[in-house]
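**Student:** This is a predicted model, with the sequence first.
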Amino acid sequence: MADVLSFTDRGIYCPAGDFYIDPWRPVDRALITHGHSDHARPNMGRYLATDGTAPVMRHRLGKIDLQTTAYGQVTQIGDAAVSFHPAGHVPGSAQIRVAVKGEVWVVSGDYKTVADGLSEPFEPVPCHAFITECTFGLPIFKWTPEDMLTAQINAWWAANAAAGRTSILGAYALGKAQRLLTTVNADIGPILTHGAIENTNEVLRAQGITLPETIPVTPQTTHKTHPGALVLATPSALGTTWTRKFGPSSTAFASGWMALRGVRRRRAADRGFVVSDHADWEGLNTAIKATGAIRIFATHGYTTSFQRWLSEQGYDAHIVSTDYHGETLDADEADA
Amino acid sequence: MKDFAALFTRIDESTKTTVKTAALADYFQTATPEDRLWTIALFTGRRPKRTITATRLREWAAEVAGLPDWLFEESYSIVGDLAETIALVLPPATESENQTLTHWISFIKSLSVLEDDSRKAGILKAWDSLPSTERFLFTKLLTGGFRIGVSAKLITRALAQATGQEEATLTHKLMGNWTPDTTTWDALIEADDPTADLSRPYPFYLAYGLDGFDDLGPPADWSAERKWDGIRGQLIVRGGDHHLWSRGEDLMTDRFPELAQLQDYLPDGTVLDGEVLAFRDETPLSFNALQRRIGRKTVPKKVLTEAPVILMAYDLLEHLGNDIRDWPLHKRRETLAALVQDVPSAAPLRLSATVPFRTWDDLSAARDQSRDLNAEGLMLKRRDSPYLSGRKRGDWWKWKIDPLTIDAVMIYAQAGHGRRANLFTDYTFAVRNGNDLVPFTKAYSGLTDAEFREITTWVRKNTLQRFGPVRQVPPTHVFEIAFEGIQASPRHKSGVALRFPRMLRWRKDKPVDEANTLDDLKELLATFG
Ligand SMILES: [Zn+2]
Ligand SMILES: [Zn+2]
């Protein structure tokens, strides 16, 4: 039986339906797992994505030929039956299931298995072959439980507010920022947002997602107008002079990489919170097991080790070269 | 251990010295005296003896975490710290115990008399009862290393804040061979020490790099010396005893025992500034020779004979018990010359000669001889200048020789560890040889973070082949590699080994076929090796 999907230098390709999934070069027909810039790229002929992903794509890519679908709904494309299933990564994010003549392959996109209170929770999809990311595919990555994380952030914010310091927290514009917004205790003080984050907030609010009240930072905003504030900023804004307007401040960074002391220290932020929209070691292993798949393809992350680990666990595991970035700390790829 | 972990976290999270000092000062006022003493000991390199090998710890941690050894090693290479790796891969603790730091150190010491099975049981139980930071610190103690970005200086400052004593007094109190087993907090810190003054050093005067001759005035105002490639040291002879201080205010007396005889030849109340150099037949040896003496607290006989040291003196700060730092340099040097003359030539002391010159061009020619003399360049000092403290502009300048350089092609890349775990920062470089590329060195520093990120993105997209953590990349990028020395080395395929190789520049303007060749490298070896 021929493979349902193949790996090309344009992206993941389905010959039976003549479409690509998250392609990185222009193609006629692109199925998109989620709105991050390394997965949803411009210049495709036609797009297909979930209803929840569509607004962010339109916001980022402008006028595009975009067809949308609900989770679980099957679309027939050529000889392939295609459906989207929650990936738990960011609101609207999906794994894409492709079935051809009874053979089922699933492309995970980016995913995480723990519920973040905002994204539609991850759903395991049984399949024969599973194409998985492994950004954090090493056993050193274990995320802080959600309740402990929330307590840490609130304690940091409250202590800063009491000491007259502004709390500046760096997080990606799409996903992590909103996830943090919904978990922090808004009674501690006002929540200010950097422009890029507020733009995404508006897109999500417009599609019916409830977020707490936020105040966009304007040229007039300072620590005097909003004492004790929590400022949500993009990671790239964190190291710049932009933060000076908030007077005495404590900076923090929210990322899975913060699990490593060395990375934490290099960022030169005062605090690092271990939080990611990707699966940790446990999450990856559980998710893969739950699919029941034997064939596993690892796309981005610690692919070499992860492939070897999976092979030793009895899987038929492979590495695929792609152009996805995973979770990066680099300012220029800040919304990946 | 909770309070020690809290102290560690406060220190580790902050980049501000004031915050770290305050955290330590708080701790020195609230922790138990035993814990305080152990904390000082740990931060000044007096850690408990290792009672368990790193190999065992790795095995047991991998076993408890359910990981194959190779995956544990892979994780370790990313994290860059064994104790941190162990703390991260282990499953969460199921119990909780709050014992003191001293308790855990006693526990570690007690392991030495146990059989392997009992050691293992004890350590596994400890791992299972400590939350993550405490588990990391406990394992750090087990592995023996304890460098966490706290200098002896910071400790002294915090102790001064906590006890109201002077920093210099405390610096002296913390010196010597004490361990928490041989003293107490009261005896070490609180009790008076009448000999403290005798070993007290002067702050070192540090030079800036020369940026031109325009502001220097007439050459006749200046005196030049070789800039020796050794370890800066201040030798103090007072009260019939001697002390040797490093620039970092470490006491190095015991590391260079041959200098002890100088206390017999120099008058009491003498303080010299100079360079500790490996030296034989009236010639400085290369830094490689001295390297064998660095990092050793005691020196075996063999090393003493193979790499004997002298003090190459260039300044006199105290004469007959008087602080003469405000004398003009030429007068200090005359007095120093007279002192050195009275010391027999068999003793390990030399005067760093002045380099005569009339014009700056003369001086430039003298600088070109530096490499032949195993010197790093020249020092320029204003003849009438006082001995200042700290790094000051104006009176002292260093004029280093340019590093050797070669343009090389990047052929392998590897991810960094620790603070650069998510970037490709370690590269292997090759020179051309006909149509081949011959690897000759690795380098992992010298680029900006932005450049490392750019290369990282490129490496991800252009990997040809993977060898474990190493990625082969197409020969595309040329880098200018700077290094301080070159030696023949049969162990290397290229036949050479470089000293301090680093990336000076990313030569985006150079195509691969303009990179240097193996012949160029061999010529450098012939000239400078
Ligand atoms: Zn993503
Ligand atoms: Zn991604």
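**Tutor:** Great, that's in hand. Residues are numbered from 1 along each chain as shown, chains lettered A, B, ... in the order given. Ligands and ions are numbered 1, 2, ... in the order given.

**Student:** Where does pLDDT dip in the chain?
**Tutor:** No chain specified, so I'll use chain A. Counting by pLDDT under 70, chain A contains low-confidence ranges at A:1, A:239, A:266-268, A:326, A:328-336.

**Student:** actually chain B
**Tutor:** For chain B, the ranges with pLDDT under 70 are B:147, B:172, B:175-177, B:193-197, B:248-249, B:295-298, B:418-419, B:468.

**Student:** Residue in it with the shortest distance to ligand 2?
**Tutor:** B:Arg460 (12.5 Å; CB to the ion). Just so you know, the C-beta spots here come from the backbone N, C-alpha and C atoms, and that holds for glycine as well.

**Student:** where does that residue land in three-state SS?
**Tutor:** Secondary structure for B:Arg460, judged by DSSP: H, G, I helix; E, B strand; the rest coil, is helix.

**Student:** Can you tell me the SS state at the residue in the stretch 151-300 of chain A that ligand 1 sits nearest to?
**Tutor:** When scored by CB to the ion, the stretch 151-300 of chain A has A:Asp277 as its residue closest to ligand 1, at 6.6 Å. At A:Asp277 the chain is in coil, as set by three-state DSSP.

**Student:** dump the residue contacts of it.
**Tutor:** A:His89, A:Val90, A:Asp110, A:Lys112, A:Asp116, A:Ser119, A:Tyr172, A:Gly175, A:Lys176, A:Arg179, A:Glu327 (CB atoms under 8 Å, 6 or more residues apart in numbering or on different chains).

**Student:** Could you identify the most distant pair in those?
**Tutor:** A:Ser119 and A:Glu327 (14.9 Å; CB to CB).

**Student:** any idea how far B:Pro328 is from B:Arg247?
**Tutor:** Computed with CB to CB, to the nearest Å, the distance linking B:Pro328 and B:Arg247 is 23 Å.

**Student:** nope, A:Ser93 is what I was after
**Tutor:** In terms of CB to CB, A:Ser93 sits 56 Å off from B:Arg247.

**Student:** So the two - more neighbours on which side?
**Tutor:** A:Ser93 (32 against 14; other CB atoms under 10 Å in any protein chain shown).

**Student:** Could you double-check that that one sits in contact with A:Thr53?
**Tutor:** Yes - A:Ser93 is within contact range of A:Thr53, at 6.7 Å (criterion: CB atoms under 8 Å).

**Student:** can you list the residues of chain B near chain A?
**Tutor:** B:12-15, B:65, B:67-68, B:70-71, B:74-75, B:78-81, B:84-85, B:88-89, B:417-422, B:453, B:457, B:461, B:463, B:466, B:468-469 (CB under 8 Å from any CB of the partner chain).

**Student:** one more time with 6 Å, if that's ok
**Tutor:** B:15, B:67, B:71, B:74-75, B:79-80, B:84, B:88-89, B:418-419, B:421-422, B:453, B:466 (CB under 6 Å from any CB of the partner chain).

**Student:** Filter these down to the buried ones and express that as a ChimeraX selection.
**Tutor:** The buried residues among these can be selected in ChimeraX (16 or more other CB atoms under 10 Å in any protein chain shown) with this line:
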select /B:67,71,74,75,79,80,84,88,89,418,419,421,422,453
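
**Student:** Look up phi and psi at B:Arg226.
**Tutor:** In terms of degrees, to the nearest 10, the main-chain angles of B:Arg226 are phi -70, psi 150.

**Student:** ok, it - contacts?
**Tutor:** B:Ala375 (CB atoms under 6 Å, 6 or more residues apart in numbering or on different chains).

**Student:** Okay, and the beta partners of A:Phe130?
**Tutor:** Beta-bridge partners recorded for A:Phe130 (DSSP bridges): A:Val106, A:Ile296.
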